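Peer 1: model this:
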Amino acid sequence: MVPTFHASASGGSPTSTNAPKPSRTAPLLAVVLGLIAGAACTPSERPEPPTILRETHMVDDDNEFIHPYVPAYRTTSDGRVALQVQGGPQDLPFWYYAPESLEGPVVAGTPGVHLLATTEPVRVPQPPELSDPRWAQQGHTVICDPIDGGPDGRVNPYPCGPDGTHDCYDFTVIKTTAESIVGAQFWGIPTHVEVANPKTPEARIIEARVGDVVEGSFLPLTNDWTEPAITLDGRLLTGRAGGSPREWTNPETGERFVRQWDLGYFMLPEDAEPCDVTKWTTFTPMSHAPYDPQLKARYGLAAYPFRDTEGKPIEDGEDMGGSYPWVDRTATNLFMTGVPGRISQQSEQQYPRRCVHEGCERLEDPVDWDRGFMVAGLWTHGKLVHLDAMINNLDWAAPVNPLGHRWVKLYRDASGEDVEVRLGAGRGNGPQPRGASANENILDSMQQIHNHQSMARTVTPRDVVWVMSTGIATDEVAFDDYVDPNAFIVSNMQGSITQLRDSRGVTLSTPKYWNGQAWVLLLAFRPLEEFYRLIFDVYDEVHVQNAATSLGWNVPAYGRVEAGTGRIEPTALGGIKGKGLWLDGTDTVRYPIPEQPRPVTAVDWYMGIFLDSRAPNDAPRTLASFADGTVLDLAGRTVRYRADGEVLHEVLLPSGGPGGGWFHVGLRFQSGNRTVTLLADGFALDRFEAPRPMFTMAPGTLAIGEWGPTAGFKGWIDEFKVLAHDVNPEVACNHAHGTLVRIDENPGWSEIAARYPAWAHDEVAAAAGDAGFGARYACFHDYSADYAAHLANLPAGTGSVRAAINFPEGPLRAGVPRPDSTGNAFCLNCHHAKGKGGLSLEALARRADVPAEVDPRRQPHQPPARVFGNIPGGWIAPGPGPGSPAEGFQAPPEGALVDPWLLPGG
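Peer 2: Below you'll find the model as predicted:
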């Protein structure tokens, strides 16, 4: 046999089976027909149906969205005027975002398109130069709108129209055209847009026109520059070139490379004006960003060298191993995809399926690894993290068009009946739903731009959260656990993604997705999925991603599941959010715990996991086993601590057990792992003083599931976390998908609060500054559905204590400096002495002469400090602050500060 290329268990050098390594002299011409090393066995029985059977096919038979959706368009710097990335060849379509139109939080809203003033765009014919028939390819488009204004210093928007009551914008549209694969021509299109009734639900674009185009640089060996994004300073242009082999010389080392790069960037010279399309002349592979002096000086994206999801370095000059990029507005993070596979190529035995509508197979599934969004950058210490949310609704390419959807037998209930799930909207094959963004795998986010409007704010009880959208799905994504420099294990039950390499270690621009399926690479000359084939009846091991990004601990690379004994769910099901992992009582997830740079019992720890048990109450089942000889058992609703075979302690949970749905078990370890506090659904229930250290991260194997003679846990698991620090009561509740509330008058939640000991309530009271008042608290949560409980729907008769616990030195106040937070333990879970950019300790320090409203430092949820153009009367409603003026007015040229309206006074 000829070998199959695949990433090693560490995501590094490739290995092969039953054959010599490929030639070192012609690694990219190797033709391989062999099989990936795996277990030629039948996988476990289908899992039982998840408790939350969320719909992941995204559109119904009328081609309408079945969930709330915000289109993934590129926008002006204020997040208002929007342009479709992949537009039509005849015109440029523009929309207007009006967060004032929201009647509730986006993700908890009604199905359909949200945030747009209207779903009908204003279409502007392309300039004649771009409508020439010789352009066989009309490229993607992006808006370049410098936040500090153009050459004249004027910032968008500015007052215009009748009595200056309209908002006007002047910006540049950047796009490419091409005659063939020979190369792509960049163009700059000066554009003017006028908006009536700006910043209101009634806002409408009344005019859009383009000026004389500017011919820019030329990028050879591609027919497009796709998924373009431009930073708010108008200087960094990112996107992808399509993966054709090209040459590049590293300007820092002089080393010459020839690679099949996809992701790359263009950086303007220091003396160039923002958005100057003639000066974006030098293509640079994205992996060079952390070594580029210009980028390192400006953008968080370049703060750390890139690593794959298993922590293996992506070296300077190598390909990133993904596609479909998006770089956020401040170039803090890079997002990209890396999951291959089509629904039509799946095994009929493993995934039996039928058409929802007759003839679905006539809609061919597109090919590419354009699913499975990951993130890397400042917030992940350079490590790629495979995200778990509805923006990764389906691993397989499957039509958006409902005529191409399938019913797939994914599950089998306790009675032995198969359960079908409708799958679709993985990739391509329109027609598009009304308001969609024309390409299902283009990503974008408003970030925090519209957070001056209360309904635009995120509702997930975490601190660093964005509403993110693909061309077909919208969800909230929390980044807190990835920012944490002391996170040790963060498993969201996604599979890890590495990259194939040749015998020299050269990247092949082809991702390896560790979901348990075996693949063969037929031709390594060009990274196209047509040459990347799935092998039936051969199974690879599963690597459960460890999304912990710490550089201070030696974190396990992944959790290993033996080949043929488990699977990564192909769609966003099985988890409390997104995907979960099914354990059948014999499966095991093994985390190899390395030696650590310091004693593990010298710091406090936290561990948590979501469980949906399906085992009978007949005997204890092993939940977790540790290298120190301690074991965590679960018998129905009873949690047991064992050490060296002896049961040391038992705790009866107030909820959970077979058939009871999701519940959360959290553990806090103090005093060298001898003081163990158990939290049930995010609230402290029991404290045990152990005679020896318990559940430590000692070198060896940490196993979830079967380990040794005892049967393992049977059911679904999700969000297994181990953190090398303690957590406060609110954060502990957050890890259980809840938020703490003080119960004033609510009988239902009073009954829940009564299940927990008085000392637990006293500890919350002390943390919230309520000590001595006899208050009672609860971790408000609801595990019955997505977003059933969140920050914006607290129960009647309760009050939040989140800010009192997390930000006791607060709140922020207008007119006075930001308070000093350098001693706030919650803040220090992200900010640290070696932190870069906004994650340094300096970001927490008080600046005595700088009022909060003009301090350039902003908290993750704060909107931009200034707003421009027309300000409608009562635009910001009273809240913690007084709100904006009742009478409309025009912002001055330097903009109007929003914090005096949003924050209480000093």
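
Peer 1: contacting residues around residue 857?
Peer 2: Contacts for residue 857 (CB atoms under 8 Å, 6 or more residues apart in numbering) come out as 818, 838, 843. Glycine gets a C-beta too; all of them are placed from N, C-alpha and C.

Peer 1: and what of residue 71?
Peer 2: 82, 95, 113, 115, 116, 435, 436, 437, 469, 471.

Peer 1: Identify, from those residues, the entry nearest to residue 547.
Peer 2: When the contacts of residue 71 are ranked by distance to residue 547 (CB to CB), residue 469 comes first, at 21.1 Å.

Peer 1: and that closest one, backbone torsions?
Peer 2: When quoted as degrees, to the nearest 10, the phi and psi of residue 469 stand at phi -140, psi 140.

Peer 1: Excluding chain neighbours, give the residue nearest to it in space.
Peer 2: Using CB to CB, 6 or more residues apart in numbering and skipping residues adjacent in sequence, the residue nearest residue 469 is residue 72, 4.2 Å away.

Peer 1: Can you give the distance of stretch 551-565 from its chain's centre?
Peer 2: 20 Å (CA atoms, centre = their mean, to the nearest Å).

Peer 1: and what of stretch 273-286?
Peer 2: So, by CA atoms, centre = their mean, the centroid of stretch 273-286 is 28 Å from its chain's centroid.

Peer 1: What residues of that stretch count as buried?
Peer 2: 274, 275, 276, 277, 279, 280, 281, 283, 284, 285, 286 (16 or more other CB atoms under 10 Å).

Peer 1: what do you get for stretch 546-555?
Peer 2: 546, 547, 548, 549, 550, 553, 554, 555.

Peer 1: Pick out the most distant pair among those residues.
Peer 2: 547 and 554 (15.7 Å).

Peer 1: Just the closest of the contacts of residue 71 to residue 449, please.
Peer 2: Using CB to CB, residue 115 is the member of these that sits closest to residue 449, with 11.0 Å.

Peer 1: Now for that closest one, how many residues are close by?
Peer 2: Number of residues near residue 115 (other CB atoms under 10 Å) recorded here: 29.

Peer 1: picking that back up, give me the subset of the contacts of residue 71 lying in strands.
Peer 2: 82, 95, 113, 469 (DSSP state E).

Peer 1: Tabulate these (TSV), appending pLDDT, neighbour count and distance to residue 644.
Peer 2: TSV is the format used below for the ones in strands among the contacts of residue 71 (pLDDT from 0 to 100; neighbours: other CB atoms under 10 Å; distance: CB to CB, whole Å):
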residue	pLDDT	neighbour count	distance to residue 644
82	98	24	62
95	97	24	65
113	97	18	59
469	98	25	51
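
Peer 1: for stretch 751-766, how far is the first residue from the last?
Peer 2: End-to-end distance of stretch 751-766 (CA to CA, to the nearest Å): 22 Å.

Peer 1: Buried ones in it, by neighbour count?
Peer 2: By neighbour count on 16+ other CB under 10 Å, the buried set for stretch 751-766 is 752, 753, 756, 760, 761, 762, 763, 764, 765.

Peer 1: Out of the residues you listed, which sit inside helices?
Peer 2: Among the buried residues of stretch 751-766, the ones falling in helices (DSSP state H) are 752, 753, 760, 761, 762, 763, 764, 765.

Peer 1: Pick out whichever of the buried residues of stretch 273-286 sits closest to residue 896.
Peer 2: For the buried residues of stretch 273-286, the nearest to residue 896 is residue 274 (23.0 Å; CB to CB).

Peer 1: Please verify my assumption that the closest one contacts residue 268.
Peer 2: Yes: under the criterion of CB atoms under 8 Å, residue 274 makes contact with residue 268 at 7.2 Å.
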